[in-house]
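Q: sharing a model that was predicted from the sequence below.
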Amino acid sequence: MKLSLLLLLLSAITHPLCAAQYTLELKSDTTKIDWTLGDVLHTVHGTFQMKRGSISFDSDTGAASGEIVVDVASGQSGNGARDRRMQENVLESAKYPEAVFVPAQIEGKLNLNGSSTVRLHGTFRIHGATHEMTMEVKIQTAGNHIDAQATFAIPYVAWGMKDPSTFILRVSKTVQCSIQSSGALEKR
């Protein structure tokens with residue numbers, strides 16, 4: 001009885017010391033957000049700028065927290081008229097200036113030296129509503145340096161945004177997005 005109580009106590013004391021908790025601070029100058037929207041005639045490519053971003057996670061449990069905040073008004077495709085319509089009619093960026101991803105759980109194992117692929121589950125707030133989202137994230141680490149690329153789809157019409165299609169021009173109702181970033185992985 002005494003031995004089992006001692007082992008239980010030692011386990012409770014040492015478990016927090018073994019837990020691997022990390023934080024990744026995303027920097028706007030090393031983060032690139034791209035989007036792609038297909039239409040009947042061609043594919044439109046564009047970008048957004050990140051305002052700020054930080055992800056903290058526990059590698060033992062997969063619990064995650066933090067946020068990635070995107071400047072919605074920064075969205076551009078290289079065509080001024082199209083970008084104004086996108087900002088005013090679809091995104092309504094004057095009313096909804098930010099899109100925010102809040103991570104909740106990481107599924108998969110992060111290799112601290114080499115490559116790994118994980119799934120990042122969380123919520124995405126855009127255009128005044130919050131939606132469940134999962135991103136696939138490909139990661140390359142070397143020491144505390146990390147390069148990551150996340151891919152995900154935004155079904156913007158299903159999420160309440162206006163469909164910019166016209167009688168002649170038909171566009172996809174889903175935007176494909178990717179985030180590429182690099183930075184330092186800090187152990188807490």
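A: That came through fine. Numbers count the residues shown, from 1 in each chain.
Q: please make it C-alpha for all contacts and neighbour counts, starting now.
A: Will do.
Q: look up how far Y96 lies from N79.
A: 21 Å (C-alpha to C-alpha, to the nearest Å).
Q: what's the answer for S178, then?
A: 21 Å.
Q: quick one on the thing from earlier: looking at N79 and Y96, which is more packed in?
A: Y96 (17 against 10; other C-alpha atoms under 10 Å).
Q: longest strand in this structure, please.
A: Ordering each strand of the chain by length in residues (DSSP state E) puts strand 43-58 first.
Q: what helices or strands is that one leaning on?
A: strand 21-26, strand 31-38, strand 64-76, strand 98-107 (3 or more C-alpha pairs under 8 Å, 6 or more residues apart in numbering; DSSP states H and E).
Q: next, format the ones you listed as CSV and append mean pLDDT.
A: Converted to CSV, those look like this (pLDDT from 0 to 100):
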stretch, mean pLDDT
strand 21-26, 92
strand 31-38, 96
strand 64-76, 97
strand 98-107, 98
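Q: so which of those strands comes closest to N113?
A: Minimum separation from N113 across the helices and strands packed on strand 43-58 (C-alpha to C-alpha) falls at strand 21-26, 14.4 Å.
Q: for the closest one, which residues meet the burial criterion?
A: Q21, Y22, T23, L24, E25, L26 (16 or more other C-alpha atoms under 10 Å).
Q: same question, stretch 132-149
A: Quick answer for stretch 132-149 (16+ other C-alpha under 10 Å): 133-141, 146-149.
Q: re earlier: what strands line up against the longest strand of the chain, and which way round?
A: strand 21-26 (antiparallel), strand 31-38 (antiparallel), strand 64-76 (antiparallel) (DSSP bridges).
Q: can you put the ones you listed in TSV and add distance to S56?
A: Listed next are the strands paired with strand 43-58 as TSV, based on distance: least, C-alpha to C-alpha, whole Å:
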stretch	distance to S56
strand 21-26	4
strand 31-38	17
strand 64-76	5
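Q: which one of these lies closest to L91?
A: Minimum separation from L91 across the strands paired with strand 43-58 (C-alpha to C-alpha) falls at strand 64-76, 7.4 Å.
Q: tilt between the closest one and strand 98-107?
A: Angle between the axes of strand 64-76 and strand 98-107 is 140 degrees (criterion: axes from the mean of the first three to the mean of the last three C-alpha atoms, to 10 degrees).
Q: now do the buried residues in strand 64-76.
A: Under the neighbour-count criterion of 16+ other C-alpha under 10 Å, strand 64-76 has 64-76 buried.
Q: of these, closest to H42?
A: Q76 (16.5 Å).
Q: ok, that closest one - contacts?
A: G46, T47, F48, D83 (C-alpha atoms under 8 Å, 6 or more residues apart in numbering).
Q: beta partners for the spatially most central residue of the chain?
A: Residue closest to the mean C-alpha point of the chain, counted by C-alpha atoms, centre = their mean, is F101 at 5.7 Å. Following DSSP bridges, F101 is listed with bridge partners I68, F124.
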